[in-house]
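>>> Kindly return the folded structure for what I paste below:
(chains A and B)
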Amino acid sequence: MDSDIETRLIFIAPTSDLTPDRIARFIHNLGNPVTVKETCYGVVIEGHKADVKRTLDEVRKLDPNRIFSKERAFPMGDIRRCRAHHGSRPGFAQLEKEWKDLCLIEKGLICVEKGEDPPQVRKRGKMPVNELKILVDEVSP
Amino acid sequence: MKIFIMPPNSLILSDLVERFGHEPLTLMRALRERVTSNEIEAPPLNVTVDDVKLGLKYAGIEIPSGIRGRMAIYGPLIDQAQAAIFIQDAPYSFGCVGCQRTNELAKLLVRKKKVPILTLDYPANEDEAKYMVVQVKKFLEGLK
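Residues are numbered from 1 along each chain as shown, chains lettered A, B, ... in the order given. I've put the predicted structure just below:
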C-alpha cells in the first residue's frame, strides 16, 4: 500500500450535538478525495495525508473542543479488523474508555481557551489501612 | 518536536499533542508499516524474524517474548523521542496495550534518555481534566 495513504478515526465527544451521519455528509460535501465510513463513535476517513489533514481541519471547525482524532494502523475495511468480515477489535476497550473521558477533556480545552487557571487537584494516594479496615468491618462485621 | 506518549495508542494524548503543534510518536503509525506489508499475516499477533532481532536491542534474551515483541515496535519510537508524556492509572482491562511490564520497561528507557517527561493520571472529574489539559499545554509550549 502507498505509504502516503493515511487512515484516521474522528471521534465525537458524548456531549456534542453532532452525529456521525452529519459529519459523514459534511465530509462528502467538502469534495476532498477521501473515503468516509460512518461508525458508532464518529467516522473513519482514508486518503492521501494532505487530503486527510485538510478534511480533519474542516471537520474540527464544526465543534473544535468536542471533535478528536487519531491515526489508525489498519486500513479502512481491512478484513482482519472490519466487523463486516467478523474481524476482531482488541483495542476497543481502550477506545471506549477514552471516548467516555472526552467530555472531561472538553472542559480542559475550554479552560485553556479561556486562559483560566486550573483548580489545584489533590494527588491521589492509597487508602489508609484504618479506613480500609472500617470498610471491611462494615461489609463483614 | 517528536513526543513519545504512553499509552502509545492513546486517543486523548495523540490528539492533544497534535492540537498543540507537535508530532506524537504513536503505535498506530509504527504498526501501519507492518500492517500494510505483505510479510505479516496478522499483526500485531505475528512478528518477523527481524522484529525478534530488533527487540533484543531493548530487552534481553531472558525477557518474555511478548515483551520483546512489543519492544521491537516501541523501541524505535523511544529512540526518536525528544520528550514524553505518560498517563497513568488506566483501567485494569485496557485492551491490547495492557502489558504492564512492557509499559514499565518502555518508561524506564525513556527516563534513561534524559528527555523532558510529563507524568499525569487519567482524569476522574472535571477539575482533574482541566489540570491535565493545562499541564499538557504548558509542557508542550515549554519545549524548545
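>>> Just give me the neighbour total for whichever residue of chain A sits closest to chain B.
With distances taken as Cβ to the nearest Cβ, chain A approaches chain B most closely at residue A:108, which sits 2.7 Å away. Where C-beta positions appear, they are placed from N, C-alpha and C, glycine not excepted. Counted by other Cβ atoms under 10 Å in any protein chain shown, the residues lying close to residue A:108 total 26.
>>> Can you point out the helix or strand that includes it?
Using DSSP states H and E, residue A:108 sits in helix A:92-114.
>>> Can I get that helix in PDB? Just the C-alpha atoms.
What follows is helix A:92-114 as a C-alpha-only set of coordinates in PDB (Å, rounded to 0.1, in the frame of the first residue of the first chain):
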ATOM      1  CA  PHE A  92     -11.900  -1.300  21.600                       C
ATOM      2  CA  ALA A  93     -11.900  -1.400  25.500                       C
ATOM      3  CA  GLN A  94      -9.400   1.500  25.400                       C
ATOM      4  CA  LEU A  95     -11.200   3.400  22.800                       C
ATOM      5  CA  GLU A  96     -14.400   3.200  24.800                       C
ATOM      6  CA  LYS A  97     -12.700   4.300  28.000                       C
ATOM      7  CA  GLU A  98     -11.100   7.300  26.300                       C
ATOM      8  CA  TRP A  99     -14.200   8.200  24.300                       C
ATOM      9  CA  LYS A 100     -16.100   8.400  27.600                       C
ATOM     10  CA  ASP A 101     -13.400  10.700  29.000                       C
ATOM     11  CA  LEU A 102     -13.700  13.100  26.100                       C
ATOM     12  CA  CYS A 103     -16.400  15.100  27.800                       C
ATOM     13  CA  LEU A 104     -13.900  15.800  30.600                       C
ATOM     14  CA  ILE A 105     -11.100  16.700  28.200                       C
ATOM     15  CA  GLU A 106     -13.500  19.100  26.500                       C
ATOM     16  CA  LYS A 107     -13.800  21.000  29.800                       C
ATOM     17  CA  GLY A 108     -10.000  21.200  29.900                       C
ATOM     18  CA  LEU A 109      -9.800  22.600  26.400                       C
ATOM     19  CA  ILE A 110     -12.400  25.200  27.300                       C
ATOM     20  CA  CYS A 111     -10.300  26.100  30.300                       C
ATOM     21  CA  VAL A 112      -7.200  26.600  28.100                       C
ATOM     22  CA  GLU A 113      -9.200  28.600  25.500                       C
ATOM     23  CA  LYS A 114     -10.400  31.000  28.200                       C
END
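>>> Looks to me like residue A:46 is in a strand.
Yes: with DSSP: H, G, I helix; E, B strand; the rest coil as the criterion, residue A:46 is part of a strand.
>>> so it makes contact with residue A:71?
No: counting by Cβ atoms under 8 Å, no contact exists between residue A:46 and residue A:71, whose distance comes to 10.7 Å.
>>> Need the overlap of contacts for the two.
Shared contacts of residue A:46 and residue A:71 (Cβ atoms under 8 Å, 6 or more residues apart in numbering or on different chains): A:6, A:7, A:8.
>>> contacts for the lowest-mean-pLDDT helix or strand in chain A?
Taking mean pLDDT, DSSP states H and E as the measure, chain A has helix A:92-114 as its least confident helix or strand, at a mean of 89. Helix A:92-114 is contacted from outside by A:11, A:13-15, A:41, A:64-66, A:68, A:118, B:7, B:9-12, B:16, B:90-91, B:93-97, B:122-123, B:125-126, B:128-134, B:137, using Cβ under 8 Å, 6+ apart.
>>> picking that back up, just put the shared contacts of residue A:46 and residue A:71 in CSV and tack on distance to residue A:101 and neighbour count.
Converted to CSV, the shared contacts of residue A:46 and residue A:71 look like this (distance: Cβ to Cβ, whole Å; neighbours: other Cβ atoms under 10 Å in any protein chain shown):
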residue, distance to residue A:101, neighbour count
A:6, 24, 23
A:7, 23, 24
A:8, 19, 22
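>>> From those residues, which land in strands?
Assigned to strands by DSSP state E, the following of the shared contacts of residue A:46 and residue A:71 qualify: A:6, A:7, A:8.
>>> Is the first one bridged to anything, and to what?
Just to be clear, that refers to residue A:6. Counting by DSSP bridges, residue A:6 forms beta bridges with residue A:47.
>>> OK, contacts around it?
For residue A:6, the contact set (Cβ under 8 Å, 6+ apart) comprises A:46, A:47, A:48, A:49, A:52, A:71.
>>> Verify the contact between the last one and residue B:27 for me.
No: under the criterion of Cβ under 8 Å, residue A:71 is not in contact with residue B:27, lying 9.4 Å apart.
>>> Thanks a lot, catch you later.
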